[in-house]
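Q: Here is a sequence together with a model predicted from it:
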Amino acid sequence: MNIRRLFAVWSAKLIKTACQITGRQGVTLAGKIALSIYPPILKELASEVKKDIFVVCGTNGKTTTNNLLASVLEANNCRVVCNRTGSNMLNGVVSAFVLNARANGHLRADYACIEIDEASTVRVFPHFKPDYMVLTNLFRDQLDRYGEIDTTMNLLSRAMKMAPDMKLLVNADDSLSTFLAMDNDNAYTTYGISEQVYQEQDSREIREGRFCKRCGEKMEYNFYHYSQLGDYHCPKCGFARPVPQFDGSHIDMSDGLSFDVGDFHVKANYRGFYNIYNILAVYGAASLAGIPLDSFNRILGDYTPQFGRNELFEIDGTRVMLNLAKNPAGFNQNIGAVMTDTAPKDIIILINDNSQDGTDVSWLWDVDFDRLKDANAASITVSGIRCQDMRLRLKYVDIPSTLEPDIEKAILSKLKSGTKNLYLLVNYTGLYTTHNILKKMEGRKS
């Protein structure tokens, strides 16, 4: 028996419990303490996973894809390690394994589903080599932290080289993810949507992959889905979107989400085109691992979104939807999801600029907020540390808003005198606070 390892596990569990009692999240702290007590702990616990370790990376969609994949595995009677809270840097990854360890310091797990921040992959992979990486997409995000998107791509490329036997599942509709897969020696499989879904193409939307990563020529598109996602090719060097092995077709978003993957029909009561990609990624990953998918639609129906990913609350007769929106591509998709609901609604937008959010909020000017004019919004309230910046951004497109820096007061106001249909769009550091406020108001235990 390794006493230091045992002490690290017990200390992490104690810290997590203490933080919960005091109303703090405590996940990353538990991992930090465990790693400082016994540095090999992540390597040793990961080696005890009996079958496969999946990691999920990408700018948007990591948490939903990762947690849904874990739910699919669990529905097939598998024991799964998963960092469901979205704590995706090294300490959060350590916590996922340590907090799942038994009292004897060992792990009983068939699979691990681990969401990892793209920049953190090179810090995590020295501890274990995943069997699969799911790469959802690559968009510009937190410029003051990541720099330009080339920096993120270089870090992911280094990580792939650190795990040469790791198989990739990448979004074929994203030229940046596809190039990254083609530019490395890892075996890869693709998923995507080959049919044109939107007939009108928004020429104002920010496109990250306008130029070919192989030769620098401007890319040509047959159509876009959103941002740079679509059917692309380079007219100079021939780099082009591959035909996806897991191809979504017959897309219908009139009543939830409905589409086909080969001969399998998917039906889910979700909103947002982006969730088709999340579901495709999960379907593809489970298929590659040989997991039976006969009950896939039932699992989708039973899945409860967590921590601000289409998370639904019912509070005093008001339907409240909480969503994370932390960069232009994600925010635009969230606005699109809000607009699929044609009923009158109230909208609260919370913007913070803490270090985890990125202190540069200039990205707000790349979001198509003018679309909210057609959202049938009875009111729009701006909140958070940078609420004045958000108010100015809306004023620029002639959208009036109410200023309330305190998110709890903003929510209470709309519960008291709103439309009974409330949407909250918040960026990263506002998410945990807002989530706990809503849980408390709903009468659930924090």
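A: Received, thanks.

Q: C-alpha only now, for contacts and for neighbours.
A: Noted.

Q: next one: stretch 385-402 to chain centre, how far?
A: 26 Å (C-alpha atoms, centre = their mean, to the nearest Å).

Q: and what of stretch 338-350?
A: Centroid displacement of stretch 338-350 relative to its chain, using C-alpha atoms, centre = their mean, is 21 Å.

Q: List the buried residues in that stretch.
A: Within stretch 338-350, the residues scored as buried using 16 or more other C-alpha atoms under 10 Å are Val338, Met339, Lys345, Asp346, Ile347, Ile348, Ile349, Leu350.

Q: So which of these belong to helices?
A: Per DSSP state H, helices hold the following members of the buried residues of stretch 338-350: Val338, Met339.

Q: so can I have JSON lines of the buried residues of stretch 338-350 showing pLDDT?
A: Shown next, in JSON lines, are the buried residues of stretch 338-350 (pLDDT from 0 to 100):
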{"residue": "Val338", "pLDDT": "94"}
{"residue": "Met339", "pLDDT": "93"}
{"residue": "Lys345", "pLDDT": "98"}
{"residue": "Asp346", "pLDDT": "98"}
{"residue": "Ile347", "pLDDT": "98"}
{"residue": "Ile348", "pLDDT": "98"}
{"residue": "Ile349", "pLDDT": "98"}
{"residue": "Leu350", "pLDDT": "98"}
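
Q: Quick check: phi and psi on the residue nearest to Asn222 when sequence neighbours are not counted?
A: Among residues not flanking Asn222 along the chain, Asp231 sits closest, at 5.5 Å (C-alpha to C-alpha, 6 or more residues apart in numbering). When read as degrees, to the nearest 10, the backbone of Asp231 gives phi -100, psi 110.

Q: Please name the residues that touch Asp231.
A: Contact partners of Asp231, counting by C-alpha atoms under 8 Å, 6 or more residues apart in numbering, are Asp173, Ser194, Tyr221, Asn222, Phe223, Tyr224, Arg241.

Q: Out of those residues, which comes closest to Phe179?
A: The nearest member of these to Phe179, counting by C-alpha to C-alpha, is Arg241 at 9.2 Å.

Q: helix or strand for Leu155, which one?
A: helix 149-162 (DSSP states H and E).

Q: which residues touch that helix?
A: With C-alpha under 8 Å, 6+ apart, helix 149-162 has contacts from 118-119, 121-122, 125-126, 129, 138-141, 146, 166, 180, 184-186.

Q: Same question for stretch 214-226.
A: Stretch 214-226 has contacts (C-alpha under 8 Å, 6+ apart) with 179, 196-198, 201, 205, 209-212, 230-237, 239, 329.

Q: Can I get that stretch in CSV, CA atoms only?
A: Extracted C-alpha coordinates of stretch 214-226, given in CSV (Å, rounded to 0.1, in the frame of the first residue of the first chain):
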residue,chain,number,x,y,z
ARG,A,214,-1.6,24.3,-46.3
CYS,A,215,-0.7,27.0,-48.9
GLY,A,216,-2.3,30.3,-47.7
GLU,A,217,-4.7,30.6,-50.6
LYS,A,218,-8.2,32.0,-49.9
MET,A,219,-10.6,29.1,-49.3
GLU,A,220,-13.7,28.6,-51.4
TYR,A,221,-17.0,27.4,-49.9
ASN,A,222,-20.0,25.7,-51.5
PHE,A,223,-21.9,26.7,-48.4
TYR,A,224,-21.5,27.6,-44.7
HIS,A,225,-23.3,26.2,-41.7
TYR,A,226,-21.9,28.9,-39.4
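
Q: Give me the buried positions along it.
A: For stretch 214-226, using 16+ other C-alpha under 10 Å, the buried residues are Met219, Tyr221, Phe223, Tyr224, His225, Tyr226.

Q: what are the bridge partners for the third one, then?
A: Beta-bridge partners of Phe223, counted by DSSP bridges, are Asp231.

Q: gap between it and His127?
A: According to C-alpha to C-alpha, to the nearest Å, Phe223 stands 41 Å off from His127.

Q: the strands in the stretch 1-150 of the chain, which residues?
A: Taking DSSP state E, counting those that start in this stretch to define them, one finds strands in the stretch 1-150 of the chain at 53-57, 80-82, 111-115, 132-135.

Q: out of those, deepest packed?
A: strand 111-115 (a mean of 27; mean count of other C-alpha atoms under 10 Å).

Q: for that strand, packing partners?
A: If you count contacts as 3 or more C-alpha pairs under 8 Å, 6 or more residues apart in numbering; DSSP states H and E, strand 111-115 packs onto strand 53-57, helix 62-75, strand 80-82.

Q: Gly284: which of the ones you listed is closest?
A: Per C-alpha to C-alpha, nearest to Gly284 of the helices and strands packed on strand 111-115: helix 62-75, 9.8 Å.

Q: Emit the ChimeraX select command for whichever of the contacts of helix 149-162 are buried.
A: Buried residues among the contacts of helix 149-162 (16+ other C-alpha under 10 Å), as a ChimeraX selection:
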select :118,119,121,122,125,129,138,139,140,141,166,180,186
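
Q: Specify which residues of the stretch 151-300 of the chain, grouped into ranges, have pLDDT under the cut-off.
A: Applying pLDDT under 70 to the stretch 151-300 of the chain flags the ranges 200-207.

Q: Try it again at 90.
A: For the stretch 151-300 of the chain, the stretches flagged by pLDDT under 90 are 198-210, 227, 255, 270-272.

Q: Would you map the helices across the stretch 1-150 of the chain?
A: 3-21, 27-37, 41-46, 62-75, 90-98, 121-124, 143-146, 149-162 (DSSP state H, counting those that start in this stretch).

Q: mind putting those in TSV, distance to Leu412 included?
A: What follows is those, written out as TSV (distance: least, C-alpha to C-alpha, whole Å):
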stretch	distance to Leu412
helix 3-21	25
helix 27-37	29
helix 41-46	43
helix 62-75	28
helix 90-98	32
helix 121-124	40
helix 143-146	34
helix 149-162	39
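
Q: returning to what we had before: out of the contacts of Asp231, who's nearest Ser249?
A: For the contacts of Asp231, the minimum distance to Ser249 (C-alpha to C-alpha) is 7.0 Å, reached by Ser194.

Q: so who does that closest one touch?
A: Ser194 neighbours (C-alpha under 8 Å, 6+ apart): Asp231, Val243, Pro244, Asp247, Gly248, Ser249.

Q: try 6 Å
A: By C-alpha atoms under 6 Å, 6 or more residues apart in numbering, Ser194 lies in contact with nothing.

Q: still on that earlier bit, mind checking which of the helices and strands packed on strand 111-115 is nearest Arg4?
A: For Arg4, the closest of these is strand 80-82, at 21.7 Å, according to C-alpha to C-alpha.

Q: same question for that closest one, mean pLDDT?
A: Averaged across strand 80-82, pLDDT comes to 98.

Q: Which strands and helices lie in contact with it?
A: strand 111-115 (3 or more C-alpha pairs under 6 Å, 6 or more residues apart in numbering; DSSP states H and E).

Q: angle of the strand it packs on against helix 62-75?
A: 170 degrees (axes from the mean of the first three to the mean of the last three C-alpha atoms, to 10 degrees).

Q: how close does Arg140 sit to Glu118?
A: For Arg140, the distance to Glu118 (C-alpha to C-alpha) stands at 12 Å.
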